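[1] Predicted model and sequence below, questions to follow.
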Amino acid sequence: MITAEQKPMDEIREMIAPYKRILTVGCASCVAECAAGGEKETGALASALRMACRMAGDEKVIHEKTLDRQCVKDFVIQLDDVIQDYNAILSLGCGAGVQAVAEMYKEVPVIPALNTEFLGETRDQGLWVENCIGCGDCMLYFFGGVCPLARCSKQLLNGPCGGSRDGRCEVDPDVPCAWQNIIDRLSAFNALDRLEMIYPPKDWSKKRGNGPRKIIREDQKR
Amino acid sequence: MTKELTLTIAIFYCQNVPESGEDVRQSLEKRYGKSIRLFPMPCSGRIDIVHLLRALEEFADAVYVITCPEGTCRYLEGNKRIKKRIERAKSIIDSIGLEKERLNLITPAAGDDNFSLASFSGEIIESAMAFAASPVRVIKAQGPRREAQDAGKEKRLNNKIIGDKK
């Protein structure tokens, strides 16, 4: 899941300042799950902005709409019927959502209301943690389902640094030592021998080595 | 302008609060008139930040949430959740320059049997009257008047132009 957090109110207000009619657009997918840009958050932000503008004597029209998914154009076209009534869109989608909307409506400025953060897991209510960096070459099999690139502060592939104490990272004691987790997990199903391999330096060409990445699936195309 | 406005208080309350039936709600609304808007909820945990903000935006000078006593939530943790949501909503209204004190939570202590919706409502009305009218509502109330004034100015200007042409 892609996680995000709302930008500070002052920053949002500064960005929407030049526009009079604004459509606040939420996304009911990932950013709804992390309580940043779903229907409720979109309604709350629009309401807060209307109050702020009213108190400042700024006569803006701010409406809201939430799409099922902002990064899929088949959903974004729902804005076709209303977009002409607005001169800016305030998007509560992730960075991919903002850009998908911007791509569809080239004449309308699309303003991001969120800071997109990371690929994460909902660990608990109100707790999201980063556990994937999208490297393009998954090695979770070798590390017992714990990614050292995402979860080890030093991104070590060949064993722990030796600095962890009581299973906590020496860089930040709030963070569990990824290598402690890897060893615990592999021990649990007798697969510690996977650590006898020497893992070469990561091939980063599969991440950003060739610029923006894309996936093409002929069987899924029109 | 402020003095002309009647303060309006929104009260969201858990239906588990003693003596909070429909008859009590109606009698309170009759007694306090437009000063009070009562919203019975199946659980205070059902109330979201957007409900609190909408109330402040649309009609309320202050919003109160009355929960059931600590440890008695029939849905286990509804009254704990609303406490956190109120804090979040307070930080939002603070960020736009509206006083945080306009959002309030009342949670009776466990074992306190001497409370009811009517007793809390009376206390709320008394304490809330200390507030000035919400700037959101004052400016909203001025809106149509200002628009009417602007329209009047425009009409006078048009008449003048027509007069000049004549």
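    Alright, I've got the coordinates.
[2] can we go C-alpha only for contacts and neighbour counts from here?
    Fine.
[3] what does chain B put close to chain A?
    Chain B comes close to chain A at residues B:48-50, B:53-54, B:57, B:92-93, B:95-97, B:135-136, B:139-140, as judged by CA under 8 Å from any CA of the partner chain.
[4] And those, which of them are buried?
    Buried members of these, scored by 16 or more other CA atoms under 10 Å in any protein chain shown, are B:48-50, B:53-54, B:57, B:92-93, B:95-96, B:135-136, B:139-140.
[5] which of those residues sit farthest apart?
    Pairwise distances across those (CA to CA) peak at 25.2 Å, for the pair B:48 and B:139.
[6] Which members of the residues of chain B next to chain A are positioned in strands?
    Using DSSP state E, no member of those sits in strands.
[7] with these in mind, which one is nearest to chain A?
    Distance to chain A across the residues of chain B next to chain A (CA to the nearest CA) is lowest for residue B:50, with 4.5 Å.
[8] Correct me if wrong: the closest one contacts residue A:41.
    Yes. Using CA atoms under 8 Å, residue B:50 is in contact with residue A:41, at 7.3 Å.
[9] distance of residue B:106 from chain A?
    Distance of residue B:106 to chain A, computed by CA to the nearest CA, to the nearest Å: 22 Å.
[10] For that residue, name its beta-bridge partners.
    Residue B:106 has these beta-bridge partners by DSSP bridges: residue B:66.
[11] mind listing what it touches?
    Going by CA atoms under 8 Å, 6 or more residues apart in numbering or on different chains, residue B:106 touches B:64, B:65, B:66, B:67.
[12] rewinding a little: among the residues of chain B next to chain A, which two are most distant?
    For the residues of chain B next to chain A, the maximum inter-member distance is 25.2 Å, found between B:48 and B:139 (CA to CA).
[13] Helices of chain B, start to end?
    B:22-32, B:49-58, B:78-95, B:117-128, B:135-165 (DSSP state H).
[14] ok, residues contacting the fourth one?
    Spelled out, that is helix B:117-128. Helix B:117-128 has contacts (CA under 8 Å, 6+ apart) with B:9, B:17, B:18, B:19, B:20, B:24, B:28, B:35, B:36, B:62, B:64.
[15] cool, and stretch A:37-45?
    Outside stretch A:37-45, the residues that touch it by CA under 8 Å, 6+ apart are A:6, A:24-29, A:31-32, A:35, A:64-66, A:92-93, A:114, B:48-50, B:53-54.
[16] repeat that for 7 Å
    By CA atoms under 7 Å, 6 or more residues apart in numbering or on different chains, the list of residues contacting stretch A:37-45 from outside reads A:24-28, A:31-32, A:35, A:64, A:66, A:92-93, B:49-50, B:53.
[17] Same check on stretch A:150-169?
    A:130-133, A:148-149, A:170-171, A:174-180, A:198-199.
[18] Which members of those residues are classed as buried?
    Applying 16+ other CA under 10 Å to the contacts of stretch A:150-169 flags A:130, A:131, A:132, A:148, A:149, A:170, A:176, A:177, A:178, A:179, A:180 as buried.
[19] on that earlier part again, weakest of the helices of chain B in terms of mean pLDDT?
    Averaged per stretch, pLDDT over the helices of chain B is lowest on helix B:135-165, reaching a mean of 55.
[20] roughly how far apart are residue A:222 and chain B?
    For residue A:222 relative to chain B (CA to the nearest CA), the value is 40 Å.
[21] scratch that, residue A:50
    From residue A:50 to chain B the distance is 8 Å (CA to the nearest CA).
[22] What number of residues are in the vicinity of residue B:100?
    Around residue B:100 there are 17 other residues, counting by other CA atoms under 10 Å in any protein chain shown.
[23] Apart from its neighbours in sequence, what residue is nearest it?
    Nearest residue to residue B:100 in three dimensions, chain neighbours excluded: residue B:90, at 5.1 Å (CA to CA, 6 or more residues apart in numbering or on different chains).
[24] ok, that neighbour touching residue B:102?
    No. Residue B:90 sits out of contact with residue B:102 when judged by CA atoms under 7 Å, with a separation of 8.3 Å.
[25] Where do the domain boundaries of chain A fall?
    According to automatic domain parsing, chain A comprises the domains A:2-118, A:134-206.
[26] Go through the ones you listed and pick out the most buried.
    Stretch with highest mean neighbour count among those: domain A:2-118 (a mean of 19; mean count of other CA atoms under 10 Å in any protein chain shown).
[27] tell me how far it is from the chain's mean position?
    How far domain A:2-118 lies from its chain's middle: 15 Å, per CA atoms, centre = their mean, to the nearest Å.
[28] Over to stretch A:159-167?
    Averaging C-alpha positions (CA atoms, centre = their mean) puts stretch A:159-167 29 Å from its chain's average.
[29] now do stretch B:39-56
    On the basis of CA atoms, centre = their mean, stretch B:39-56 sits 10 Å off its chain's mean C-alpha point.
[30] Residue B:90 and residue B:102: who's more crowded?
    residue B:90 (21 against 18).
[31] so what's residue A:165 bridging to?
    Beta-bridge partners, per DSSP bridges, of residue A:165: residue A:168.
[32] Having no further points to raise, I will conclude here.
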